Every structure is written in C-alpha cells, then in structure tokens.
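J.: I'll drop the sequence and a predicted model, then ask my questions.
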Amino acid sequence: PRSKLAIAVEYTKTKRALGKRTAKELASLPRLTDERIGMGLRISELLLSSCYQAQPTMFPLLVFQMVRATLKHGINISANEAFVAYGILLCGAFHDPQRGREMAK
C-alpha cells in the first residue's frame, strides 16, 4: 500500500501539469503516436478496475500517471478512462466536484 503522502505528492504533480486546462482544451491535445506509450496506457486502463478493488491506495497513483502521460505524449482512447477516473477522485477524495465534473466531460 502507498502512503497518503505519496498520493498527495502525485496529486500535486498532476494538478500542476494540468494547470487550468478545460475539457475542451484537453480534447484538442495532439493524438498519441508512440505505440509503446499507447500500449502502456492501455495496460494501465485495464488495471484500473482491479486496482480500485484490490489495492485502493494504488488506484489514484495509476490515474495520476495516466493523466500525466496523456498530457506529455498525446491523447488516445485510454485517456478517456484516465480523465473520468481523475474526475471521480476530484469529486470524492479531493473534495473538488466542480473541477471533477469538468475533467470527466
């Protein structure tokens, strides 16, 4: 299990990387072209539901990693899951429902 401090640090990194981008701006990110990164994101996407149930403290870390990878390398089909999961985390654990709804669009 990961510590709350590790989760807070990764959340801060992700929040900083996102800045004030809107859902519309995120949707206009360039397409992901690196197949290796795309496969990594797809594997991460498949791990999300299992991670949520089996190792809940790893779930936010996986989500943050996926969001930052999307910002760095571009958007693909797995980005949808990443931003929806990020929105869920914002609405729940991080008490920011307005930003959570924006990210889940």
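T.: Structure's in. What do you need?

J.: where exactly do the helices run in the protein?
T.: With DSSP state H, the ranges of helices along the chain come out as 4-18, 23-27, 35-54, 59-73, 77-91, 97-103.

J.: who's in contact with the fourth one?
T.: If I follow you right, that is helix 59-73. Helix 59-73 is contacted by residues 2, 6-7, 10-11, 13-14, 17-18, 29, 32, 34, 37, 40-41, 44-45, 47-48, 51-52, 76, 78-79, 81-83, 85-86, 89, 93 when judged by CB atoms under 8 Å, 6 or more residues apart in numbering. From N, CA and C alone the C-beta is placed, and that goes for glycine too.

J.: Sort out which of these are buried, if you could.
T.: 7, 10-11, 14, 18, 29, 32, 37, 40-41, 44-45, 47-48, 51-52, 76, 78-79, 81-83, 85-86, 89 (16 or more other CB atoms under 10 Å).

J.: C-alpha coordinates for the one helix or strand in the chain whose mean pLDDT sits lowest, CSV please?
T.: Least confident helix or strand, the chain: helix 97-103 with a mean of 89, by mean pLDDT, DSSP states H and E. The C-alpha trace of helix 97-103 is given here as CSV (Å, rounded to 0.1, in the frame of the first residue of the first chain):
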residue,chain,number,x,y,z
PRO,A,97,-16.7,18.5,-7.5
GLN,A,98,-16.7,21.4,-9.9
ARG,A,99,-13.3,20.6,-11.3
GLY,A,100,-14.1,16.8,-11.1
ARG,A,101,-17.1,17.3,-13.4
GLU,A,102,-15.0,19.4,-15.8
MET,A,103,-12.4,16.6,-16.0
